[in-house]
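>>> sequence? don't have it. structure:
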């Protein structure tokens, strides 16, 4: 499994560029991860079919309908919540079909 660590800089994407359908999945302990995911979502010019959802509800979604998937998860005492690992393990075939972000 790859771990993508990025330094987020919130710049507005030009209005004439619309991201394809994007799903942002979050797992949070105290609500901070949800706030960050909402901020990311607000900066993306996403299509109407894009959404943000809690990880517990994401298992019921057809991940194939989304072009891009972003997963945000809190870290508590150096560890992610078990639900994150369970979700990734269960949804790995669908997640592997998505393109990984590139720094290029």
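Arrived safely. No experiment lies behind these values; they were computed from the predicted model shown.

>>> Give me the distance between residue 52 and residue 89.
Residue 52 sits 22 Å away from residue 89, going by Cβ to Cβ, to the nearest Å. For glycine as for every other residue, the C-beta is placed from the backbone atoms N, C-alpha and C.

>>> the more surrounded of those two?
With neighbours defined as other Cβ atoms under 10 Å, residue 52 and residue 89 compare such that residue 52 has more, 19 against 9.

>>> Next, that one: secondary structure please.
Following DSSP: H, G, I helix; E, B strand; the rest coil, the label given to residue 52 is strand.

>>> Could you do residue 98 as well?
Residue 98 ends up coil, using three-state DSSP.

>>> Could you check how many residues crowd around it?
The burial count for residue 98: 15, using other Cβ under 10 Å.

>>> any idea how far residue 23 is from it?
From residue 98 to residue 23 the distance is 10 Å (Cβ to Cβ).

>>> need the contact list for residue 84.
By Cβ atoms under 8 Å, 6 or more residues apart in numbering, residue 84 lies in contact with 27, 55, 71, 73.

>>> Give me the buried entries from the residues you listed.
When the contacts of residue 84 are checked for burial by 16 or more other Cβ atoms under 10 Å, the buried set is 27, 55, 71, 73.

>>> does the closest residue to residue 97 other than its chain neighbours count as helix, strand or coil?
Leaving aside its chain neighbours, residue 97 sits nearest to residue 64 (7.3 Å; criterion: Cβ to Cβ, 6 or more residues apart in numbering). Assigned by three-state DSSP, the conformation of residue 64 is helix.
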